[in-house]
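In: Sequence first, predicted coordinates after that:
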Amino acid sequence: MDTIFDWIALHQQIIYIVVLSVFLGIEVIGRVPSVLHTPLMSGANAIHGVVVIGAIIVMGKAEQGNYAALVLGFLAVVLGTLNVVGGFVVTDRMLEMFKKKK
């Protein structure tokens, strides 16, 4: 337990930055109007597409027997793909709201 407290004390500034960035991100995202949601989601999809490509490269260059890199790369590919697909689904639903009904 002392090692955990030592690690926290050593990385205290980084932990503060991460916590503050989470709160800042929540405030920024919470104030985005729904009209801007679709373009922002398209940008996020592009970024997560790059994450998926990077994860595939990491998995391809992992040394044989380095299971940690393979597992993390696989998780990154799966979660990044889910995020991209989910983003396209949400974007499609947002665009459906602006179409005229028959």
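Out: Yep, that arrived.

In: Only C-alpha atoms from now on, for both contacts and neighbour counts.
Out: Will do.

In: Quick one: list the elements packing against the helix or strand bottoming out on mean pLDDT in the chain.
Out: The weakest-scoring helix or strand in the chain, judged by mean pLDDT, DSSP states H and E, is helix 34-61 (a mean of 80). Counting contacts by 3 or more Cα pairs under 8 Å, 6 or more residues apart in numbering; DSSP states H and E, the secondary-structure elements packed against helix 34-61 are helix 67-97.

In: Report the rounded mean pLDDT for the helix it packs on.
Out: Per-residue pLDDT over helix 67-97 has a mean of 85.

In: Mind listing what's buried along the least confident helix or strand of the chain?
Out: Of the residues in helix 34-61, 38, 41, 45, 48, 49, 51, 52, 55, 56, 58, 59 count as buried by neighbour count, 16 or more other Cα atoms under 10 Å.

In: show me what contacts the fourth one?
Out: Neighbouring residues of residue 48 by Cα atoms under 8 Å, 6 or more residues apart in numbering: 80, 81, 83, 84.

In: how about the nearest residue to the second one, chain neighbours excluded?
Out: To tie it back to what came earlier, the one meant is residue 81. In this structure, residue 81 finds its nearest non-sequential neighbour in residue 52, 6.7 Å apart by Cα to Cα, 6 or more residues apart in numbering.

In: Show me the chain divided up by domain.
Out: 1-31, 34-102 (automatic domain parsing).

In: Mean neighbour count, those: which tops it?
Out: Of all the domains of the chain, domain 34-102 has the most neighbours on average by mean count of other Cα atoms under 10 Å, namely a mean of 14.

In: Centre of the chain to that one, how far?
Out: The gap between where domain 34-102 is centred and where its chain is centred comes out at 8 Å by Cα atoms, centre = their mean, to the nearest Å.

In: thinking again about what came up before, for the contacts of residue 48, which one is nearest residue 4?
Out: The nearest member of the contacts of residue 48 to residue 4, counting by Cα to Cα, is residue 80 at 29.9 Å.
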